[in-house]
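1. no sequence for this one, just the structure:
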């Protein structure tokens, strides 16, 4: 299917509905994180006694969509629809290009996070990457806690490209 | 005297094998109880269910589970070992620095002997679990480890000459109720020279 870039452009500036994190900020994940980055090796009982704040970098862990769901979700958010349009036009490979994170408030254990994603920009022409040609999308994430306070804003830049195989390159 | 191919004649000297008396005191002894690295949590159970595509509401639907005879969320019994796995730090200490978290456990002492005896290859061959009680979210799973048996003669296997042993894990909850017996069969072997040369480059 040929790409009509106007269809993607029409989605720019639009924001998704609020999506809730599947899990609250919780101690086992914090303990695992601290252990893996070799910051802290206390027992879970010590963590249960003393932990109030959660590492901000874990925010995306708790807001990731589930690995699997019994009912597959359709592409409903503007960013998902834009990606789907590009995929259907043959730009099927997604590349994460950059991520800028701003943390505005500390996270606390037990926080219930939710987030919105806005498609904030799309390149008007094809761009050339080492993987193949495609389009660049800017996705603006806003994360908030259960009280509606914004805890973080993030800009994720991604490219959707047609993968050039080794065979076609030569 | 070996011939030019390195093959010993039938009437040649018998190759030394492991002295069973070195390991006999370790058989049938369970370690002290070890603490888990985490409590059983709904988050870990939920992630397991996603990966296994298990939709049993007893594991993930708190309201449903509360009304069930179990009175709350359960963990799939197959997860029992998840909470008793060593921590990342323990793994780094053991495999990078050669420092074992529980050096007095019978399986650790056994491994020292079999390695000294030249059985340097290790292969896991089977695992069985027998479950006795349900695991509840919030449980703390303590565990012990021991050696059930070790073959008292060498087996000729495709990996080389080796011995088989069987590890027994026992998992308990915080009320000291036995949740599960888990056996784990291991083959330790002396890799043939050709294999050793291959790995040695």
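-> That came in fine, so what should we check first? Predicted model, so just to flag it, every value in this text is computed and none were measured.

2. Assign a three-state SS to the residue of chain B found nearest chain A, would you?
-> Going by C-beta to the nearest C-beta, chain A is nearest to residue B:50 of chain B, at 4.3 Å. C-beta coordinates here come from the backbone N, C-alpha and C atoms, glycine included. Here residue B:50 is recorded as helix under DSSP: H, G, I helix; E, B strand; the rest coil.

3. which residue packs closest to residue A:31, ignoring adjacent ones?
-> residue A:47 (4.9 Å; C-beta to C-beta, 6 or more residues apart in numbering or on different chains).

4. in chain A, what spans have low per-residue confidence?
-> Residue ranges of chain A with pLDDT under 70: A:164-170.

5. distance of whichever residue of it sits closest to chain B from residue B:132?
-> Per C-beta to the nearest C-beta, residue A:67 is where chain A lies closest to chain B, at 4.3 Å. According to C-beta to C-beta, to the nearest Å, residue A:67 and residue B:132 sit 30 Å apart.

6. Same question for residue B:30.
-> Residue B:30 is 16 Å from residue B:132, by C-beta to C-beta.

7. same question, residue B:31
-> According to C-beta to C-beta, residue B:31 and residue B:132 sit 20 Å apart.

8. what comes into contact with the strand or helix carrying the residue nearest to residue A:31?
-> In this structure, residue A:47 sits in helix A:44-50 according to DSSP states H and E. Outside helix A:44-50, the residues that touch it by C-beta atoms under 8 Å, 6 or more residues apart in numbering or on different chains are A:27, A:28, A:30, A:31, B:36, B:37, B:38, B:39.

9. all helices in chain A, in order from the N-terminus.
-> Applying DSSP state H to chain A gives helices spanning A:5-9, A:27-36, A:44-50, A:59-63, A:78-88, A:166-169.

10. of those helices, which approaches residue B:121 most closely?
-> Nearest to residue B:121, of all the helices of chain A, is helix A:27-36, at 30.0 Å by C-beta to C-beta.

11. Enumerate the positions of that closest one that are buried.
-> Within helix A:27-36, the residues scored as buried using 16 or more other C-beta atoms under 10 Å in any protein chain shown are A:27, A:28, A:29, A:30, A:31, A:32, A:33, A:34, A:35.

12. burial of the residue nearest to residue A:31, as a residue count?
-> For residue A:47, the neighbour count with other C-beta atoms under 10 Å in any protein chain shown is 18.

13. about what we covered before: more crowded one of residue B:30 and residue B:132?
-> Shown here are residue B:30 and residue B:132; by other C-beta under 10 Å, residue B:30 has more neighbours (16 against 11).

14. next one: the helix holding residue A:47 to chain centre, how far?
-> Centre-to-centre, helix A:44-50 and its host chain are 30 Å apart (C-alpha atoms, centre = their mean, to the nearest Å).

15. how about that helix: buried residues?
-> A:44, A:47.

16. do the same with stretch B:95-114
-> Of all the residues in stretch B:95-114, those buried under the rule 16+ other C-beta under 10 Å are B:100, B:105, B:106, B:107, B:108, B:109, B:110, B:111, B:114.

17. ditto for stretch A:11-23
-> For stretch A:11-23, by 16+ other C-beta under 10 Å, it's A:11, A:16, A:21, A:22, A:23.

18. For chain A, which segments count as strands?
-> Secondary structure of chain A (DSSP state E): strands at A:19-20, A:53-54, A:93-103, A:107-108, A:114-122, A:127-128, A:133-144, A:150-161.

19. quick one: which of those strands is nearest residue B:72?
-> Taking C-beta to C-beta, strand A:19-20 is the member of those nearest to residue B:72, at 22.6 Å.
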